[in-house]
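Participant: Build the 3D model from these lines:
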Amino acid sequence: MNTVLVLNQDYTPLTVCTAQRAFTLMFLKKAELISEIKGKKLRSISQSFPFPSIIKIQYYIAIPYKGVVMSRHNIFKRDGGKCQYCGTSKELTIDHIIPRSKGGKSTWTNLVTACQRCNSRKSDYSLDKVGMRLFKAPIKPSYLTFLRMNDKYSEDWAPYLSPKRFSA
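Facilitator: Numbering: from 1, shown residues only. So this is what the prediction gives:
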């Protein structure tokens, strides 16, 4: 299933949706096609329509703040589906960098993806105590960063997801 980038009226990214949802928005004249996937069509019995890649909403939608929900799935996605200690992508779990028993909280910056082997090795200790290091420090991703991490990221999305586009 292809995902479609949805832009606000001012061309800032809002979200992603399915091609069917994007087509419905265009059919109801609530959005317009910005980019299509060449060589792919949506078909009815008597017509064919361009397969959307990017659409733009007709009327501006004011969204005060759009954060990324912290969930197991989103932590795996942020960390690229790899153990942050050894790099494997097998038998993944979530690890608290500062263990909960030592006051560590379940936050974006204290949770990382870890394989069962590394998680057991680290156990209830600090990284220094067991001589382990992280590949990269965990961050709380912005919504824009998270959109860029989309598995189905299309090349034509790049100009709309570029951080340069939003710096003044």
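Participant: Show me how far the worst-scoring helix or strand of the chain on mean pLDDT is from its chain's centre.
Facilitator: Ranking every helix and strand in the chain by mean pLDDT, DSSP states H and E puts helix 143-148 at the bottom, with a mean of 75. The chain centroid and the centroid of helix 143-148 are separated by 5 Å, computed with C-alpha atoms, centre = their mean, to the nearest Å.
Participant: same for whichever helix or strand comes after that helix, what does it pack against?
Facilitator: Using DSSP states H and E, the helix or strand that follows helix 143-148 in sequence is helix 158-161. If you count contacts as 3 or more C-beta pairs under 8 Å, 6 or more residues apart in numbering; DSSP states H and E, helix 158-161 packs onto strand 3-7, helix 143-148. In short, each C-beta sits where N, CA and C put it, glycine included.
Participant: who does the shortest one pair up with?
Facilitator: Which is strand 3-7. Paired neighbours of strand 3-7 in the sheet (DSSP bridges): strand 13-18 (antiparallel), strand 48-57 (parallel).
Participant: can you pull the buried residues of the last one?
Facilitator: Of the residues in strand 48-57, 51-57 count as buried by neighbour count, 16 or more other C-beta atoms under 10 Å.
Participant: Return the distance of residue 98 relative to residue 29.
Facilitator: Going from residue 98 to residue 29 by C-beta to C-beta, to the nearest Å gives 52 Å.
Participant: who's the residue lying closest to residue 83 once chain neighbours are set aside bridged to?
Facilitator: Excluding the flanking residues, the one nearest residue 83 by C-beta to C-beta, 6 or more residues apart in numbering is residue 115, at 4.1 Å. Under DSSP bridges, the beta-bridge partners of residue 115 are residue 92.
Participant: mind listing what residue 69 touches?
Facilitator: Applying C-beta atoms under 8 Å, 6 or more residues apart in numbering to residue 69 gives no contacts.
Participant: remind me, longest strand of the chain?
Facilitator: Ranked by residue count, the top strand of the chain under DSSP state E comes out as strand 31-43.
Participant: Can you list the strands that it pairs with?
Facilitator: strand 48-57 (antiparallel).
Participant: ok so, going back, I figured the residue nearest to residue 83 was touching residue 79, is that so?
Facilitator: No: the pair residue 115 / residue 79 is not scored as a contact, 11.4 Å apart, by C-beta atoms under 8 Å.
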